[in-house]
Each structure stands twice: as C-alpha cells, then as structure tokens.
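Asker: Requesting a structural model of the entry that follows:
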Amino acid sequence: MRSSILSPHFRPGKHFALTWSIPDSFGGMTGALLHRSRAFVRLAGHPVDVLTLDDRLDYTEVEQKLRDTGLLIDGIRVFNIWDWLREHDAEPPTTSPTHVHAPIAMSAEVVEQRRGGAVLIREQRADDGETVLGVDRFRADGSLLVSDRRDPENHKRSLVLYDRTGSPVRSWGSAWGIYRYWLDELIGEQESFLIVDSKTVARFALTYRRRKVVTMHVMHGSHRSADGTALSRSRRTVIENLDDFDSVVLLTEGQRDALLSDVGPHANLAVIPNGFDAATPGAESSNTSERVRGAGIMLASLIQRKRVSHAVKAVARAAAAVDVMLDVFGEGERRPLLEKTIRSLDIGERVRLRGHDASARSMFTKADFMLLTSTSEGLPLSLVEGMAAGCIPIAYDIPYGPSDLIEDGRNGFLVPAGDIDALADRIIELEKMPVRSLEAMRRRAQATAKRFDDRSVTSRWAREMERAFERKHASSAPASLVQRSRRKAGRVKRRVTRLGGLYDRSDE
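Answerer: Numbering: from 1, shown residues only. The predicted structure is shown next:
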C-alpha cells in the first residue's frame, strides 16, 4: 500500500527486473536493483518480480537468505527461468519442432548437478574439459525439460523444450529464443515494465520487443574503456542500438553528456541516480557518539576495476602519520593478491578483508571515512549511503559519480585518479581536522545525499516510465523531418566510430 498521497504514482502495469543471476557475493549493480525494487514496493505499492537466467539450483535458499537479511521484502519475488519451466507445463505445439536430441548418456565427460537427490542438470564437455557440447535440464520427477546442444565448429546452437511425457513441444536456434518464450509466458498480455540492469542481459533484451512491454536499460558503468579513449567493447551492441530500448537510464548527468558526445542524440535517454532509504538508521544524524576516529570503510568487490590495493597502500602510508584502520567488505578473485600486499606492508592489524556481509552498510554510521578507488563507476549506491550517514568520502575523481556528489574539501575529498600519495594525504588531512570542521563536513555530506532519497528517485522513475510508455506507443506515428534527420545523424556517427576503431578491445 502507498504510505501517503505524496507517494510516487506509477502507471498501471506489472514490474519486472531482469538480470543474469543473484550471486552469493553480489556487488553494486545487484544491490542497486534490489534496493530500487524495495523502493517501488514501499513507496509506490508496486510489486516487483526479479527474473534470473542462470543455472543456480538453490534459488529457494537464496531468496530466503535475502529475506532474512531484509534485502527482499513482501512484494518482491524471484523467478528463475529453468525453475519456472520445471513447474509450468508447456502448451501443446501447433507445429512440430524442427529438431530433437537424444538425451546425454553418462560418461567420464559428463557432469551432473543435483537438488534433493534428483538430477536436474547433466552437462557434457569436450576432451579439453572446458568446451560445453551439450546440457540436459530435467524436472524433479526425472523427465527431460530442455536439451541444449552447441557445435564448437560452427557455433550453432539448438534447444528443445519437452513435455512431461518426453514429447518435444518447442525448439529454438539460440538461448535467446527460449528466453523470449519464457518472458512471453510469464508476462502474458499485461501492460508491463521490464528493467534490465545487467550489460550481458541487455544484449538479449534489445531483441525483446513487445507492444505491451516497455523495456528500460540501466547503464550502471561507464560506456567507455578504462582509459576513456574508446567505447567499451562489452557494451558495443547496446551502444549501437540504444533506440531498441524504450528508455536508457544513466546514473549521472556527466555520463549522459559523455554518451551523447560519443553516439549522437537519442530521445530515449534519461538520468535517474541510485537512491537511498532516508529511514535507514544514521541517515539523519552524524552519530558523533558512535563514530570511531580513524576508522575507514570500503565496500567493493575484490576485482581489478575496484583497485582495492590502492586503498590498502594509501592506508599504509597514512598510518605513518595518523592512527587509521580500514575494513574492506567484499569478495573477488583478487583476494589472494590483496592478502599478499597486506602481509608485505605489515599492516594486518590495520587493514582487514571482511568478506561479503549483507549488513556492511550499517558500519557507515560508525566509520570516520570511506574510500572509493575504482577506475570507473556509474553512481555507486555505497557512496550515497555513506554520505547520508555522515561518513566522509575520499574518492578518486573518475567517470562517473564522485564528482557529481563531492565538492572537494566541503563534503568530502576528490583525489586525482590513481594518485595513491594524494589519497594518503587526504586521509591524514581528515584525521587532523578539528572536530568542529569535521562535523560541519559531515552535515554537508548528509545534505548532499538528501537529493538522492528514495522518494525523490522513485518519483523520477515513475515519470520516466510514463514518458517511455508514451514514446513507445507514439513510435508507430510517422517521424518528423527533424526526427528522421537526428536518427540518420546518429547512425552515421556510430558507423564512423565503429569503422574508426574507437571501440575498446577489452571487456573492461
């Protein structure tokens, strides 16, 4: 139910959030997806179904864990494509499938995955142990659900859906085909809004065009390469086909302006930042009595893009002048390297890798400062939440996000990207600030964060959904000369960009 007449007003329709998966140790994108969904339920009274496409077999446990920690609330459900297909029988086919596969027989190259003793996945790999040749997915009763075959030579793929008697009912030449079938079955003929956060899933979502479904893509990260000189290869397909979404949401004005300068005008671009829950404890008070001077916090996946090693080294250098500590919350493949760095600097008592902790954000009310050292961001939710709790941000001046919130020296500190010495100097400066000046900085940080409270952000989502709906249903009308000229100019610019080799050749 809506809390008041001032609550955001959404256009009638179902709401879906589509992503690839909900990993055990998820980062900012999934956190922002779940936070936004909670805000839609709390403030607008609109339920949200979170949709996943991966092969996790424990989503029942995942969902319960998220509910226990408050990351899922009543009104939000999680649906996985394969679990949903296991529980819902397909309608009889109007035509026979074009191909059928023999089930995978057990052998040394076959790996099985079970749930509750039942085999649900059987995967066959090539002799190299890496190349997947085929996957059979089963129902809990043992009946074959979907056969999936992949030819490593010509890269052709073939998927077949079976009923409980083993008869084939549908077939597709790609995984995207069965994804579209599932969304059609799940959504039906209802007016709906489908929000896509994952850049991987966005490539598929470009192809899902339905009259009653408004598709919206949130671009969380930079569309450029790490050095900013080219367009990201991993986002290339989406960047070249932005108009296939009814709305593309950027997190900051700077990100939108940069995208426009790279690809030309697009009428479907909007800016909606990540929001924070103003009711969160600590969001309205600096909590001076609880805060620990010298205590730093960092919420970041332990991956290359986050450059956590820079934060570790900066704290080590600052510790020579002031008494500081750093708690890092997050997991990732670079943990062994970070542990080695911490040992080599002999700062094991000052820097702690705390792993993934769903309650880590509550530490913003106790920490003195927070660090952000990424190569690029969208608008980190943790940055907004930390400032809302009066935790002083010290961040690299990167695209995009930090400079949209931080006024250097007033509500936090901006540091030249990659400058570890400058990062250490700002930590020292903060710790030597008089208490009165420091508390004033905390209040200014909180005042800045108030612009991003959930009610304001959710209202912006409601307005953009309305605009996206109107654009979608006006698109069948003949385009004006100006509109046609703009579209042509955009296509020409994207073609020049592509032919000029300005796309990044890495997936960073």
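Asker: Helices of the stretch 51-200 of the chain, start to end?
Answerer: Counting by DSSP state H, counting those that start in this stretch, the segments of the stretch 51-200 of the chain that form helices are 59-68, 81-87, 175-187, 199-205.
Asker: so which of those is the most packed in?
Answerer: When you average the neighbours per residue for each of those (mean count of other Cβ atoms under 10 Å), helix 199-205 leads with a mean of 20. For glycine as for every other residue, the C-beta is placed from the backbone atoms N, C-alpha and C.
Asker: centre of the chain versus it, how much separation?
Answerer: Using Cα atoms, centre = their mean, to the nearest Å, the distance from the centre of helix 199-205 to the centre of the chain it belongs to is 12 Å.
Asker: Go through the helices of the stretch 51-200 of the chain and name the closest to Ser362.
Answerer: Minimum separation from Ser362 across these (Cβ to Cβ) falls at helix 59-68, 15.2 Å.
Asker: Let me have the closest one in CSV, keeping just the CA atoms, if that works.
Answerer: The C-alpha atoms that make up helix 59-68 are tabulated as CSV, following Å, rounded to 0.1, in the frame of the first residue of the first chain:
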residue,chain,number,x,y,z
TYR,A,59,17.2,-20.0,-5.5
THR,A,60,14.7,-21.1,-2.8
GLU,A,61,17.6,-20.8,-0.3
VAL,A,62,18.9,-17.6,-1.9
GLU,A,63,15.6,-15.9,-1.7
GLN,A,64,15.1,-16.9,2.0
LYS,A,65,18.6,-15.6,2.9
LEU,A,66,17.8,-12.3,1.2
ARG,A,67,14.5,-12.1,3.1
ASP,A,68,16.2,-12.9,6.4
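Asker: Specify the stretch among the helices of the stretch 51-200 of the chain that is closest to Glu112.
Answerer: Closest to Glu112 of the helices of the stretch 51-200 of the chain is helix 81-87 (Cβ to Cβ; 15.0 Å).
Asker: Can I get the helices of the stretch 51-200 of the chain in a markdown table including mean pLDDT?
Answerer: Formatted as a markdown table, the entries for the helices of the stretch 51-200 of the chain read as follows, by pLDDT from 0 to 100:
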| stretch | mean pLDDT |
| --- | --- |
| helix 59-68 | 94 |
| helix 81-87 | 97 |
| helix 175-187 | 96 |
| helix 199-205 | 95 |
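Asker: Make CSV from those helices and add distance to Glu290 to it.
Answerer: As requested, the helices of the stretch 51-200 of the chain are exported to CSV (distance: least, Cβ to Cβ, whole Å):
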stretch, distance to Glu290
helix 59-68, 25
helix 81-87, 43
helix 175-187, 45
helix 199-205, 38
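Asker: closest to Ala270 out of these?
Answerer: Comparing these against Ala270 with Cβ to Cβ, the closest turns out to be helix 199-205 (15.5 Å).
Asker: Now tell me what touches the closest one from outside.
Answerer: Surrounding helix 199-205, the residues in contact under the criterion Cβ atoms under 8 Å, 6 or more residues apart in numbering are 18-20, 53, 176, 179, 194, 196, 215, 217, 219-221, 234-235, 237-238, 245.
Asker: which regions of the stretch 251-400 of the chain lie under the pLDDT threshold?
Answerer: Scanning the stretch 251-400 of the chain for pLDDT under 70 picks out 280-289.
Asker: just the buried members of the contacts of helix 199-205?
Answerer: In those, burial by neighbour count holds for 18-20, 53, 176, 179, 194, 196, 215, 217, 219-221, 234-235, 238, 245, counting by 16 or more other Cβ atoms under 10 Å.
Asker: In helices only, show me those.
Answerer: In helices, defined here by DSSP state H, the members of those are 176, 179, 238.
Asker: any idea which of those residues is closest to Arg164?
Answerer: Within those, distances to Arg164 taken as Cβ to Cβ reach their minimum at Tyr179, with 22.0 Å.
Asker: gap between the closest one and Pro97?
Answerer: Between Tyr179 and Pro97 the distance, using Cβ to Cβ, to the nearest Å, works out to 17 Å.
Asker: now Arg455
Answerer: Following Cβ to Cβ, the distance that separates Arg455 from Pro97 is 50 Å.
Asker: List the contacts of stretch 426-445.
Answerer: Taking contacts as Cβ under 8 Å, 6+ apart, the residues outside stretch 426-445 that touch it are 286, 288, 293-294, 296, 314-315, 318, 321-324, 368-369, 387-388, 390-394, 407, 410-413, 415.
Asker: what do you get if the cut-off is 7 Å, keeping everything else the same?
Answerer: The list of residues contacting stretch 426-445 from outside it, by Cβ atoms under 7 Å, 6 or more residues apart in numbering, reads 286, 288, 293-294, 314-315, 318, 321-322, 324, 369, 387, 390, 392-394, 410-413, 415.
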